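Peer 1: Quick one, fold the following:
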Amino acid sequence: MRKKLASVLVFLLVTAVLTACTGPQSYTETFDAPGTWRVESSGDVVGEVRDGVFDFTVNADELTSWTTAGEDFSDGIFSVEATQVAGPNNNAYGMLFRVDDENDNFYSFQISGDGYVWIGRYQDGGATEAEPIVNDWWFESPVINQGNATNKLSVQAEGQNLIFFVNDQEVGRVTDDAFSSGDIGLMVRTLGVGGVQVQFDNFNLDPLPLIHR
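Peer 2: Prediction:
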């Protein structure tokens with residue numbers, strides 16, 4: 001009886017360990033504390049955690065800047081709230097996922113203050129031209145709250161299948177296998193006029209629904 005009980009306990013322990021190792025990933029960042037996100041303060045870029053948000057300003061007229069969290073994720077539902085605070089509406093801001101920091105390779109999901117979407121991949125940090133993977137370049141979307149407003153960006157990533165949402169409305173989907181896992185990040189771009197300020201909050205990674213696993 002003792003041997004049988006011991007075998008059952010070993011089986012349960014192994015099962016628990018395997019479940020922990022292979023179970024769905026989750027993450028929550030409310031920016032109530034500095035955490036692990038990279039910050040910067042220079043003439044061109046100011047990015048800092050303060051007052052419960054990641055406050056990100058790009059002052060240069062033509063610049064792409066991003067920050068990462070120092071994490072490593074693959075599949076799940078990534079989401080972040082982004083609020084444009086100041087600057088011209090001809091801008092770009094959004095989230096990064098599956099970031100390879102060493103080589104500056106990542107997927108980027110961007111919107112603009114004047115109601116456009118850009119979804120694509122960067123390689124070598126854009127040293128080679130960034131490549132769109134949904135539509136040919138920027139495309140207009142009526143679901144974006146334009147100007148100084150808040151938008152929720154979400155990506156459902158399951159292997160090579162990626163679905164993109166703004167304010168819980170789908171804006172694109174694609175099958176792409178360029179990057180399978182990596183860090184998460186935030187991005188702000190200026191497109192000719194500087195002073196774009198965006199505040200990010202509530203970056204979450206939720207497990208995929210059971211039907212997808």
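
Peer 1: all helices for the protein, in order.
Peer 2: 2-22 (DSSP state H).

Peer 1: what about it, any weak spots by pLDDT?
Peer 2: 1-24, 211-213 (pLDDT under 70).

Peer 1: run the last query once more with 50
Peer 2: 1-22 (pLDDT under 50).

Peer 1: Do I have it right that residue 87 meets residue 193?
Peer 2: Yes - Residue 87 lies in contact with residue 193 (CB atoms under 8 Å); the separation is 7.4 Å. C-beta: built from backbone N, CA, C; applies to glycine.

Peer 1: Looking at these two, which has the bigger crowd around it?
Peer 2: Between residue 87 and residue 193, counted using other CB atoms under 10 Å, residue 87 has the larger neighbour count: 21 against 14.

Peer 1: contacting residues around that one?
Peer 2: Going by CB atoms under 8 Å, 6 or more residues apart in numbering, residue 87 touches 113, 190, 193-197.

Peer 1: Now do the closest residue to it other than its chain neighbours against residue 187, distance only.
Peer 2: Excluding its sequence neighbours, the residue lying closest to residue 87 (CB to CB, 6 or more residues apart in numbering) is residue 196, at 3.6 Å. From residue 196 over to residue 187 the distance is 11 Å, taken as CB to CB, to the nearest Å.

Peer 1: Please identify which of those two sits among more neighbours.
Peer 2: The neighbour count for residue 196 versus residue 187, taken as other CB under 10 Å, is higher for residue 196 (28 against 24).

Peer 1: got a list of what that one touches?
Peer 2: 57-58, 84, 86-88, 91, 93, 188-190.

Peer 1: Now tabulate these in JSON lines and tack on distance to residue 78.
Peer 2: Shown next, in JSON lines, are the contacts of residue 196 (distance: CB to CB, whole Å):
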{"residue": "57", "distance to residue 78": "23"}
{"residue": "58", "distance to residue 78": "22"}
{"residue": "84", "distance to residue 78": "20"}
{"residue": "86", "distance to residue 78": "26"}
{"residue": "87", "distance to residue 78": "25"}
{"residue": "88", "distance to residue 78": "27"}
{"residue": "91", "distance to residue 78": "21"}
{"residue": "93", "distance to residue 78": "15"}
{"residue": "188", "distance to residue 78": "18"}
{"residue": "189", "distance to residue 78": "19"}
{"residue": "190", "distance to residue 78": "24"}
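
Peer 1: Give the PyMOL command for selecting the buried subset of these.
Peer 2: A single PyMOL command selects the buried members of these (16 or more other CB atoms under 10 Å):
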select buried, resi 57+58+84+87+88+91+93+188+189+190
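
Peer 1: among the contacts of residue 196, which are in strands?
Peer 2: 57-58, 84, 86, 91, 93, 188-190 (DSSP state E).

Peer 1: distance of residue 63 from residue 38?
Peer 2: Residue 63 sits 16 Å away from residue 38, going by CB to CB.

Peer 1: likewise residue 147?
Peer 2: Residue 147 is 28 Å from residue 38, by CB to CB.

Peer 1: For the two, indicate the residue with more neighbours.
Peer 2: residue 38 (13 against 10).

Peer 1: Which strand residues bridge the closest residue to that one other than its chain neighbours?
Peer 2: Distances taken as CB to CB, 6+ apart place residue 67 nearest to residue 38, at 4.6 Å, with adjacent residues excluded. Note on residue 67: beta-bridge partners residue 186, judged by DSSP bridges.
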